[in-house]
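Colleague: just need the structure, nothing else, for what follows:
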Amino acid sequence: MSARPLALVVEDDLDQMALLRRHLDREGFDVYSANDAESAISAFPHIHPSLAVLDLLLPGISGRECATRVREAFPDCFLVISSVLDRVDYPASDAALPKPVRGAELRALVKGVAR
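Modeller: Numbering: from 1, shown residues only. Presented below is the predicted three-dimensional model:
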């Protein structure tokens, strides 16, 4: 039996975090969640996500900087930006998931993630 792939979720809104965790669990992912970029980055030596869902508006280190660090640490990770900001303000990523997040949109995105 193979292990479930890991999704990294960096989101400071607890309701959004719970929603993302629930949907990703249903899609077959284990989830490592952090409510700020610093917590996520400090976990890098202990995790290897195949998917990362990052909010842009985070306390402390920005979601934009966190996205850069995820790309550097995990070049094969499928990077999804989720934000209330206009899509033109999103950094380069594999996919965009504007808020409010809908389960069907998240499901469609993760279908393309190598597991």
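Colleague: just the helices in the chain please.
Modeller: If DSSP state H is used as the criterion, the helices of the chain fall at 14-26, 37-43, 63-73, 103-110.
Colleague: return the residues in contact with Asp94.
Modeller: By C-beta atoms under 8 Å, 6 or more residues apart in numbering, the residues touching Asp94 are 78-80. Glycine gets a C-beta too; all of them are placed from N, C-alpha and C.
Colleague: among these, which are located in strands?
Modeller: Among these, the residues falling in strands (DSSP state E) are 78-80.
Colleague: any chance of these in a markdown table, plus pLDDT?
Modeller: As requested, the ones in strands among the contacts of Asp94 are exported to a markdown table (pLDDT from 0 to 100):
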| residue | pLDDT |
| --- | --- |
| Phe78 | 96 |
| Leu79 | 96 |
| Val80 | 95 |
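Colleague: so which of those residues comes closest to Ser33?
Modeller: Ser33 lies nearest to Val80 out of the ones in strands among the contacts of Asp94, by C-beta to C-beta, at 14.0 Å.
Colleague: what's the burial count for that closest one?
Modeller: 24 (other C-beta atoms under 10 Å).
Colleague: again with the one 4 residues further on
Modeller: The criterion is other C-beta under 10 Å. On that basis, Val84 has 12 neighbouring residues.
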